[in-house]
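Student: Give me a model of this one.
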Amino acid sequence: MTTKEYPHFNPVKYNLDVKIATVRAGSHCKYNINYHIIWIPKFRKKILTGKVVEVLKKIINGQCEQIGVDNLALEIMPDHIHLFVGATPTHTPYKIVKQLKGNTSIQIRRCFPELRYLGYQKHYGKGFDSLWAIGYYCGSAGHVSQEAVKRYIQEQEGKDVFEYSVFGSPEQKIGNFTQKSLARWSA
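Tutor: Next comes the predicted model:
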């Protein structure tokens, strides 16, 4: 992949540092799960241009809402898509990708029938079964490095309350995980 061909995914543009640091809450948990997902059209064809981009953004935003993940950033390049989502603990990356790739392939080819042939001028037969290549990239992302987690765990020995610091703010406390408070669950 050449990075100088066109402007690449820029996390600063979407203020991702703040979005990544957001701790979300479920009925029984606090979590911060973010995935950076990249996928490409078959043969890395540069077909994601013009009106296709606008329609694809609407489809992806709708699918993210339907799945229940937060669309933190979306960048559509002519030959690949960058998507940054915030997920819940019940979401698995492969299910998110499967839903997004499957539905976008079907819906975008309904809107733009010429994409069935991936931009090839000469085509024989019915076209391609899918718009997207088989693989994808998925990376998890958070605002805390592995070293920071290790240092934090070492610093917590002997403390009564689990303190979660976001951007150096020790005021935010997630919960009381002392042995005394957990005793009722171990009985």
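Student: Does anything pack onto the helix or strand where K58 lies? Which helices or strands?
Tutor: Using DSSP states H and E, K58 sits in helix 51-67. Of the remaining helices and strands, those touching helix 51-67 by 3 or more Cβ pairs under 8 Å, 6 or more residues apart in numbering; DSSP states H and E are strand 70-77, strand 80-87, helix 93-111. Bear in mind the C-beta positions are built from the backbone N, C-alpha and C, glycine included.
Student: pLDDT on that helix, on average?
Tutor: Helix 51-67 shows a mean pLDDT of 97.
Student: Show me the chain divided up by domain.
Tutor: 11-143, 146-187 (automatic domain parsing).
Student: These: lowest mean pLDDT?
Tutor: domain 146-187 (a mean of 55).
Student: Just give the closest residue to D70, not the sequence neighbours.
Tutor: Closest residue to D70 apart from its sequence neighbours, by Cβ to Cβ, 6 or more residues apart in numbering: G86 at 3.8 Å.
Student: my guess is the one you found meets V69, correct?
Tutor: Yes - contact criterion Cβ atoms under 8 Å: G86 and V69 qualify, at 6.4 Å.
Student: before we move on, back to that, what sits against the residue nearest to D70?
Tutor: By Cβ atoms under 8 Å, 6 or more residues apart in numbering, the contact set of G86 is K19, T22, R24, I33, N34, V69, D70, L72.
Student: what does L131 give?
Tutor: So L131 contacts P41, K42, T104, S105, I108, R109, L115, L118 (Cβ under 8 Å, 6+ apart).
Student: Which one (most neighbours) among the residues you listed?
Tutor: Ranked by neighbour count (other Cβ atoms under 10 Å), those have P41 at the top, with 22 neighbours.
Student: For Q63, see how far away that one is.
Tutor: 17 Å (Cβ to Cβ, to the nearest Å).
Student: Could you do I20 as well?
Tutor: Counting by Cβ to Cβ, the gap from I20 to Q63 is 21 Å.
Student: what do you get for H82?
Tutor: Distance from H82 to Q63, by Cβ to Cβ: 15 Å.
Student: before we move on, the earlier item: just the buried members of the contacts of G86?
Tutor: K19, I33, N34, V69, L72 (16 or more other Cβ atoms under 10 Å).
Student: Report pLDDT for S145.
Tutor: For S145, pLDDT reads 61.
Student: residue contacts, the closest residue to V97 other than its chain neighbours?
Tutor: Nearest non-adjacent residue to V97, counting by Cβ to Cβ, 6+ apart: Y136, 5.2 Å away. By Cβ under 8 Å, 6+ apart, the residues touching Y136 are I37, I38, W39, V97, K101.
Student: make it 10 Å
Tutor: Contacts for Y136 (Cβ atoms under 10 Å, 6 or more residues apart in numbering) come out as 37-40, 80-81, 83, 93-94, 96-98, 100-101.
Student: Just confirm W132 contacts S105, I think it does.
Tutor: Yes - counting by Cβ atoms under 10 Å, S105 is a contact partner of W132 at 5.6 Å.
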